[in-house]
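> sequence plus predicted model, see below.
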Amino acid sequence: MNVNQHTPMASPYGQPQPGYGQPGYAPLDGGYPAPYAPYNGPASAYQPGAPQQGYSPFTSFPSKAVAANPVSDLSSPLDLGPARGPPASGAPPVSAPQPYNQYSQSQGDMQNGPPLMTQAPPRPAVSQPYNHGAVNLPGPQPSFPQHYGPPPSMQQVTNQMTGMQIASGPPTPAGPGYAPPHSSQPPVSNAYSAAPPPSYTHAPPPVSSAPTQPPPPSGPAPSQQYYGGPPPPSQQQFNSSLPPTSQQQFTSPAPPPSSQQSFPPTSYSGPVPPPSQAPAPQVSQPQQPFPPTQPPFSSAPPPVSQPAFVSGPPPPAQGSFPPRAPPPSSQPGSFPPPGPPPTSLPSGQYTGPMPPQQQPPPTQPSPYHSGPPPPGSQMPPTSMAQSNHLPPGPQGPPGPPGPLQQHPPQPGMPGGFPPQQNGAFGQVRGPQPGYAGPYPGQPNYGAPAPAPAPAPPAQKRLDPDAIPSPIQVIEDDKAKSTEPFTTGVRGQAPPLVTTNFQVKDQGNASPRFVRCTAYNMPCTADMAKQSQVPLAAVIKPLATLPQDESPPYLVDHGEGGPIRCNRCKAYMCPYMQFIEGGRRFQCGFCSCVTEVPPHYFQHLDHTGKRVDCYDRPELSLGSYEFLATVDYCKNNKLPQPPAFIFLIDVSYNAVKSGMVNIVCQELKTLLDYLPRENPEMDSMVRVGFVTYNKVLHFYNVKASLAQPQMLVVSDVSDMFVPLLDGFLVNVNESRLVIESLLDQIPEMFADTRETETVFGPVIQAGLEALKAADCAGKLFVFHTSLPIAEAPGKLKNREDKKLIGTDKEKSLFQPQVGFYNTLAKECVAQGCCVDLFLFPNQYVDVATLGVVPVSTGGSVYKYTYFQAQTDKERFLNDLRRDVQKLVGFDAVMRVRTSTGIRATDFFGSFFMSNTTDVELAGLDCDKAITVEFKHDDKLSEETGALMQCAVLYTSCSGQRRLRVHNMAVNCCSQLADLYRNCETDTIINFFSKYAFRGILSNPTKAVRDTLVNQCAQILACYRKNCASPSSAGQLILPECMKLLPVYLNCVLKSDVLLPGADVSLDDRAYLRQLISCMDVAESHVFFYPRLLPLTKLESGSLPVAVRDSEERLSKGGVYILETGLHLFLWVGASVQQELLLNIFGTPSFSQIDPNMTSLPVLDNPFSERLREIIDSFRAQRSRYMKLMVVKQEDRTELIFRHFLVEDKSASGGASYVDFLCHMHKEIRQLLS
Amino acid sequence: MATYQEFIQQNEDRDGVRFSWNLWPSSRLEATRLVVPVSCLFTPLKERPDLPPVQYEPVLCSRANCKAVLNPLCQVDFRAKIWACNFCFQRNPFPPSYAGISEVNQPAELMPQFSTIEYIVQRGPPTPLIFLYVVDTCLEEEDLQALKESLQMSLSLLPPNALVGLITFGRMVQVHELSCEGIAKSYVFRGTKDLSSKQIQEMLGLAKPAAAAAQQQGRPPVCLFLFRFLQPVHRVDMNLTDLLGELQRDPWPVPQGKRPLRSTGVALSVAVGLLEGTFPNTGARVMLFIGGPPTQGPGMVVGDELKTPIRSWHDIQKDNARHLKKATKYYEAMANRSAVNGHSIDIYACALDQTGLLEMKCLSNLTGGHIVMGDSFNTSLFKQTFQRVFSKDYNGDFRMAFGGVMEVKTSRELKVCGAIGPCVSLNSKGSCVSENEMGVGGTSQWKVCSLNPSTTLGMYFEVVNQHNAPVPQGGRGVVQFVTQYQHSSAQRRIRVTTIARNWADAQSQIQHIESSFDQEAAAVLMARLGVFRAESEEGPDVLRWLDRQLIRLVKTHLKSSFSSSRLHLQFMFHLRRSPFLQVFNNSPDESSYYRHHFVRQDLTQSLIMVQPILYSYSFHGPPEPVLLDSSSILPDRILLMDTFFQLVIFHGETIAQWRKAGYQEMAEYENFKQLLQAPLDDAQEILQTRFPMPRYIDTEHGGSQARFLLSKVNPSQTHNNLYAWGQETGAPILTDDVSLQVFMDHLKKLAVSSSA
């Protein structure tokens, strides 16, 4: 949060500005006011449920706004709900005011929630603005009023997030409220219906929301009325105090919290309700500040609303809410009792507010101001609001966050308010409705959703546009990163992985090699523990660099080998301090002083630097390589060039699927592209061939033979290599024999009827061959089926869907037999890396078969139901890349760090026989290793934390080398600094790996809970220690982590942690293993796929992505979605003919062949550009993505929808909005 | 005497039989006193160019436990068309096909000259011969090349329909599949793992066809599976020739100071397993070519450390041969398996050092295979010997037969104690089986997996007639040998030999009996007993046993016609010094090799082995056989000694000097040239006919190789008595061995003293 605020100060908000970065937010004061819609965020709307008030606060996703600073305000303000809500309903304006209201009371929150849902869809943009405005009232609440104005919808969204709260409180009330809301106020109202209304009314702010919500208006109106009555006042008050409002709400939330808790369950679905409750309480508190509002709420409003809600809203809301209701149950408890009455009340208020907001939207700012008596004050706030983004600070107090709370309320709602559902309002966006809206919070920053805060409440639902938008963040970062990134500055966070940037190595490793979760580490273990932010680095030691960056220099220190510290053995690097005129150097890691060997001596200049500093890569660069001496070699013998062995399954299935034929054909040409270091020389890599089914066939392809010889080894129980000479050969020398062999293999087995296969002996065979040749190497295993033939490593089919979800589920991810672990160990000892290509038609137990590849630094490729025709291209491209890519063998990686921290845990594809050395039989350019650090002492701010990753490996030409990556990060004694320098993408990378490993030993559910918990703790800690005080109902997210919830939700929803019914065990195991060695860029796109609209294509730049939600898809459009593994082309049902002609060469939607895997080559710029884009996507990823054309409403769309990660998933995964609400609730729980 | 000699000769020519006694003492007691048992050397497939096989089934006695074959000795009632079995006295009617039988129209088997007769019978489809080459690739390049050529050459000698297979081994064992086109395919086995026959068949994919066939009835491919590794020569001739041509030396590096790893044991196991699984009970030859001892896996004879030498007799006596027992046991088990299935195993071992024949000998001994020992595959000794394996007879058929089963039937007074030769017992207990075992006993049937015309078994009998139940005057004891075998033309044949001898009362007719003593046959038969014992007993014990027998013999016959056994004693003297009983100066492998041949050769060859033949060439007259005595070694003679295993041409001192001086090159000394040439020509003649080909040695007085001669001759002149005899005659032998004279004197003394 802080971040945002700080910098941003200025305009940022107003402007969508790129970096959420502080700048944007910072502006707090600077006229963001409007933008801050954040208020919306406050989602106070949700809060409607007076009681829950506390909850309502969800809103404050301080994300951007830093709590402490003005920013804080910002953050909070964002009511998710509003953003959307407004749009939908159209009554954007309304929202604005609402927010405030919400803030003041639960109402506001309420709105957020519901509104969003309902309204949101429609006019996202509009609403957003509100949010902003609302959000950050400068110091004071006032900010609310000012919605950021519609501007940057995106940014605003974030703000809106804050609004989240909405859900809770209102929910209950909302339910009812919502229904009514419609009437009362357009948008939000629905959700909030009951409660909100009042608030809305009050809150002229709703305005903001209003705009969006317009449609709802009708509905809202009424609701508003409800609210109107009571809420208005409150709202107004809020408004005035707005900023605070939200906060206040939060404060009030205190009580709500409890309620919220109850909500949790529902939270997602029903989050809305809580808010309502929150609001109520808030009301009390906030009210104070906002006298007006409060009164209304507390007294009249709430109750009133309730009734109102109940009656009207309930029904509608319920419909949608029902779900919520249940969860809320707990909450309900809270609600019900008091709830009904109070709740309703609050809710009512909320609703009230909500609508208002919506309505207000248009006028938002003014409305707020006006609405709320404090207008004047608001005014300022407005600015604040705008600043929200920045302002958080100001808001902080207000508690823009409030809005978020909403969710909780819902639960409570159930009882009385079931109806809450935004859906009722019509605006509702599918699933999310409930929570959704509110989130806006973060986005707000951008500028966009200013309105949100206030608005949301009214809307009740979080407006998806108001919650932090990954797209916005990505785009902002792109816009910001125009200069090359220089690594010289310690602790500077690099641009996001989605941004194209150039790196200049000035002493620290390029982010392409090393990315950290935090670039400013806490000094002490206590801080680290308190923040719960994982300290980790994702290291990709052999990463491929773009053309314009030079690869690491090779340094040769002569016979003595690299210069190293005597004690910790760290390699010479820029952190070594030369002293005593250059005769000694002090290690930057352990401080030990070591003599400089005579041949390395050099004088120092006046600054204490060696004179030759810039002539030596190891003294000036972050990444470089040393030539290793014989001491660094196995058995003290220089290594032999490595070998590649191809092991091909030739059982019936393999032959029938065409795999054997394809592999053999391809190898004939592929063998010319074996990796080499000098492109002009032949590769030193030798090759060997083995085929197998139940027995193994080795081939002697010695150059002197007229024809290849086949050696069959049937003794699979005790594998050995039947020949030495002639098995591993140089391709050029034996070309004729090899070609003859590859021609004959498919023929020989064309009539095979053997269906059983072995697997363990196959790897053993390769291993033995490498042992016999005394070299390292790589095995390419092409395998089809579960190895059931009698042999070591025989497996049985253990796929048992009944185990899923039970405590025994974890066993399915563990290898079935211990054999492969032992084998893997042997492989690693020999430097035998295994790449496995699977072509299964049924269960093959990837969890077990993958053990060896995963432990040896290899890869697993899986082509389920492989068909030559459709999958050939994908397979061949993968194979080509896999064979050609740069790879090192027999590698050992060691991470050394400054005294004070220690690398404690490692994730990736490797084997460890002790606790420090990561052993990799093979390490290729796509493999990343995630390293977690823990404190074992204190770090100093002065020296920062240093880490050095040294990888000793054998290059593909047989040279032994050491690649060294150095990284220095800052250390901080203030938590705020930590939160300001985090990288969410990297954290998610860490979390996913952590969780995916966790399922080996824990029930999946426990793993999910742990993740959510830790995440909540991180955010709660931020909230507690860094964000400015604000209403508990407001969700405040640190700027750097505002996407944490959405990404985390993606992780939680992944097939591995939450499998759908059609996800096979193999797929899960496969993904689990796959992700374990992904780098940040890959994991990012994997969890949050890239979705590009294709209506217009310009050369040179890609269209701006849209968020992964069905709502973002237009029936008339064509979209492309990539995940790093899949590539979809989605065609809307009513797409323009011209577009179809351009892409498919057919004018009719129905004539598109859904089975095509590549687009027709058409001679028009659009088609050319599209194919270019597809090609470029494929080039970026380590695995080839098969293109799948998905027609809207086609059967295959189900698959596609699975990747719309912001939506609720078929397997039960929460929508973004729901999850945000849930997260908010969790946070509040922690805070209370 | 003369008559007996003729009789004996006639019997041998007609029936291939030589009995130690041609008159049999009619009671058990008397028979025992004769010392030399009633026994015979029987050559089942003695070549009988004058014996056309008959094309029908033999007529058998209908008594279930008799089943003797109708023979000329049977009483026949032509009118009733009934014949009486001369073993069990069962009266049998002639089968319908003999309806036209009458005194003037007798079937062949009733004619006296057909005491040996051969039937061709139809039993199932004819199965082709099978040759499975098992080739060691851990050879020197030169050796391997020579071996490859020999093998390729052998393909042209095989009948076109014969099945061939190839297994090569070194560190690994490779079974080559011969049918595949375009790619040479082989199955590889690890050389260190002992696999059961079943495992081997599974791994070779031989087990499955049965199962598959069961599922998919009527599918012919089953056969293809069987034929995958064994293909008709005519079909894979080219393939196999190429394959052999491409054979490489074992590629695994042999570190300094190590022996190459040679998995002979597993290779054999695979070969046996393969045949077992595909062609049980069919004639097959596994031909093992080795260039060194097995150094790993089961059947390992010596470790791969060169610093550990292969076991010597010394080690064995000290029980210091680590692998001996285990390896022997392993190979014995395999030999038995192989024998059960009728497959024989040949060993062609060519190396300068020992190759483990001691352990492996049973493979050949029990299955009737050959053992050939040479220094290198690149010698004519091996090449020609190998070629001779495929020699053909006058009919153009191979001189080899497979899967022989020999059954012995005796009349009631006689029982069979056992057989010594390349056979295994079939454990067929019958009424004619004696409890007293000599050689391989306890059965009346033996399996002889591989036979050739010279394969000779020693058969030992026991007279069981009690003294108080005398055989009626004129009664005759009858022995019938029924040998079923697979002729090389793939026919099944049965050869029946029926022999009768008169009974004689030892009390009254001892002279007759003594005069019917066949000294040569008796010597060989006793030698076989000795060798058989030597296989399982310590050398000295065997010698003691032999000495005791001799003393008893001398004592028994001292009074009567001792002279008649004089020759016998002389043989015994040489036998005692022969490598068959003495291990001194021989490696364990050599001993095994010599013994192997001794127990299978016919009488003539056996005698040569016991007492080598020495011919003398001089200007004084035509070549003449001379005494195997040091006195025969004269300066102006050329000696030709044939020990069966070696052919030594020895030039006397003077001759050698002349030769060195090159007189033979001069026209005026043409006669000298001829003299030099004469023994060569004679040697050549021997070389041409003998199997295995003997080692040919050309040496002279004082030459290092002269030791072959000097070690054989009777050391009548030694450094001990040199001066007493004067220098004129012969060459002194530097030995402490006793001479024949001393031996005889001593023997007499012992006979007398112990009798006292």
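Happy to help now that I have it.
> my guess is residue B:103 contacts residue B:77. True?
No: here residue B:103 does not reach residue B:77: they are 10.6 Å apart, not a contact under CB atoms under 8 Å. Where you see a C-beta, it was placed from the backbone N, CA and C, and this is true even at glycine.
> the two: who's more crowded?
Comparing residue B:103 with residue B:77 by neighbour count (other CB atoms under 10 Å in any protein chain shown), the higher total belongs to residue B:77, at 12 against 9.
> so the more buried one sits right up against residue B:93, yeah?
No: using CB under 8 Å as the test, residue B:77 is too far from residue B:93 to be in contact (9.7 Å).
> residue contacts, residue A:508?
By CB atoms under 8 Å, 6 or more residues apart in numbering or on different chains, the contact list for residue A:508 reads A:487, A:488, A:490, A:514, A:622, A:966, A:967, A:968.
> what's the distance between it and chain B?
Taking CB to the nearest CB, to the nearest Å as the measure, residue A:508 falls 49 Å from chain B.
> for chain B, what's the longest strand?
strand B:492-504 (DSSP state E).
> now that one: how far from the chain's centre is it?
Relative to its parent chain, strand B:492-504 has a centroid offset of 22 Å by CA atoms, centre = their mean, to the nearest Å.
> that one - what's its average pLDDT?
On average, the pLDDT along strand B:492-504 is 92.
> any idea which helix or strand comes after that strand?
Moving toward the C-terminus from strand B:492-504, the first helix or strand encountered (DSSP states H and E) is helix B:506-515.
> what angle do that following helix and strand B:492-504 make?
Between the direction of helix B:506-515 and that of strand B:492-504, the angle (axes from the mean of the first three to the mean of the last three CA atoms, to 10 degrees) works out to 130 degrees.
> ok, and what's touching the helix or strand that helix B:506-515 is followed by?
Reading on from helix B:506-515 to the C-terminus, the next helix or strand found by DSSP H and E is helix B:519-536. Where contact means CB under 8 Å, 6+ apart, the residues beyond helix B:519-536 that reach it are B:8, B:18-20, B:36-37, B:39-41, B:420-421, B:438-439, B:458, B:460, B:541-542, B:545-546, B:549, B:564-565, B:567-568, B:571-572, B:575, B:580-581, B:595, B:598-599, B:603, B:606-607, B:610.
> let's see 7 Å
Outside helix B:519-536, the residues that touch it by CB atoms under 7 Å, 6 or more residues apart in numbering or on different chains are B:18-20, B:36, B:39, B:41, B:420, B:438-439, B:458, B:542, B:545-546, B:549, B:565, B:567-568, B:571-572, B:575, B:580-581, B:595, B:598-599, B:603, B:606-607, B:610.
> same check on stretch B:705-713?
With CB under 7 Å, 6+ apart as the contact definition, stretch B:705-713 has outside contacts at B:612, B:628-630, B:632-633, B:639, B:641, B:643, B:646, B:648, B:650, B:697, B:699, B:733.
> and it, how far apart are its ends?
Its first and final residues considered, stretch B:705-713 spans 14 Å by CA to CA, to the nearest Å.
> could I get the average pLDDT for it?
Taken as a whole, stretch B:705-713 carries a mean pLDDT of 89.
> buried sites along it?
By 16 or more other CB atoms under 10 Å in any protein chain shown, the buried positions in stretch B:705-713 come out as B:705, B:706, B:708, B:709, B:710, B:711, B:712, B:713.
> out of the residues you listed, flag the one nearest to chain A.
Within those, proximity to chain A (CB to the nearest CB) peaks at residue B:705, which comes in at 41.2 Å.
> how about that closest one, phi and psi?
With angles defined as degrees, to the nearest 10, residue B:705 shows backbone torsions of phi -80, psi -10.
> gap between it and residue B:647?
12 Å (CB to CB, to the nearest Å).
> turn the buried residues of stretch B:705-713 into CSV, columns for distance to residue A:1046 and secondary structure.
As requested, these are arranged in CSV below (distance: CB to CB, whole Å; DSSP: H, G, I helix; E, B strand; the rest coil):
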residue, distance to residue A:1046, secondary structure
B:705, 99, helix
B:706, 104, helix
B:708, 100, helix
B:709, 105, helix
B:710, 105, helix
B:711, 101, coil
B:712, 104, coil
B:713, 109, coil
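> which neighbours do residue B:705 and residue B:647 have in common?
Counting by CB under 7 Å, 6+ apart, the shared contacts of residue B:705 and residue B:647 are residue B:697.
> the residue of the stretch 1101-1232 of chain A found nearest chain B and residue A:1124: what is the separation?
Of all residues in the stretch 1101-1232 of chain A, residue A:1184 sits closest to chain B, at 32.4 Å by CB to the nearest CB. Residue A:1184 sits 11 Å away from residue A:1124, taking CB to CB as the criterion.
> same question, residue B:509
110 Å.
> run through chain B and note the low-pLDDT ranges.
Low-confidence regions of chain B, defined by pLDDT under 70, span residues B:1-2, B:180, B:207-226, B:558-565, B:722-731, B:754-756.
> rewinding a little: please list only the buried members of the contacts of helix B:519-536.
Among the contacts of helix B:519-536, the ones that count as buried by 16+ other CB under 10 Å are B:18-20, B:36, B:39, B:41, B:420, B:438-439, B:458, B:542, B:546, B:549, B:565, B:568, B:571-572, B:575, B:580-581, B:595, B:598-599, B:603, B:606-607, B:610.
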